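Student: Provide a 3D model corresponding to the input given below.
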Amino acid sequence: MSIREGQSIGGNSSRFDASAAEETLHELEEQYAAGEIETHAYLEKKRSLVRLFVKATTNPRRRHRDDYDG
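Tutor: Presented below is the predicted three-dimensional model:
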C-alpha cells in the first residue's frame, strides 16, 4: 500500500491535503474492486477519507443565531 509513501508532513504543509485524500480514495476503490478489502473496512476507511477531503476543500462558517435571547 503506497499511502504516505515518500511524503513527509512538514510545518508548511497541511495535514489535510485534498489531492492526497483524493489519491488515497482512488487506491481504496481499486483495493475494494480487486477484493483485497472487506466491505466493512472499505466503508469505514472511505468515510474517514471523505471527511478529510471535505475538511481540506471547504471552509465552513458558523452562523450566529439571531433569535438567541441569553
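Student: okay, and the closest residue in space to I37 that isn't next to it in sequence sits in which element?
Tutor: Leaving aside its sequence neighbours, I37 sits nearest to Q31 (Cβ to Cβ, 6 or more residues apart in numbering; 4.8 Å). C-betas here are computed from N, CA, C, even on glycine. Assigned by DSSP states H and E, Q31 belongs to helix 18-33.
Student: so which strand or helix has E44?
Tutor: Residue-wise, E44 maps onto helix 39-57 under DSSP H and E.
Student: tell me which residues in that helix are buried?
Tutor: Y42, K45, L49, L52, F53, A56 (16 or more other Cβ atoms under 10 Å).
Student: just to check, the fourth one is in contact with A21?
Tutor: Spelled out, that is L52. Yes - because the distance of 4.6 Å satisfies Cβ atoms under 8 Å, L52 is recorded as touching A21.
Student: how close does L43 get to I37?
Tutor: 10 Å (Cβ to Cβ, to the nearest Å).
Student: and the end-to-end length of stretch 32-44?
Tutor: Counting by Cα to Cα, to the nearest Å, you get 12 Å between the two ends of stretch 32-44.
Student: which outside residues touch it?
Tutor: L28, Q31, K45 (Cβ atoms under 8 Å, 6 or more residues apart in numbering).
Student: one more time with 6 Å, if that's ok
Tutor: The contact list for stretch 32-44 (Cβ atoms under 6 Å, 6 or more residues apart in numbering) reads Q31.
Student: what is the mean pLDDT for it?
Tutor: Averaged over stretch 32-44, pLDDT sits at 95.
Student: what does stretch 54-61 give?
Tutor: On average, stretch 54-61 scores 78.
Student: take the buried residues of helix 39-57 and write them to TSV, including distance to D17.
Tutor: Putting those into TSV (distance: Cβ to Cβ, whole Å) gives the following:
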residue	distance to D17
Y42	22
K45	17
L49	12
L52	9
F53	9
A56	6
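Student: give me the neighbour count for E27.
Tutor: 14 (other Cβ atoms under 10 Å).
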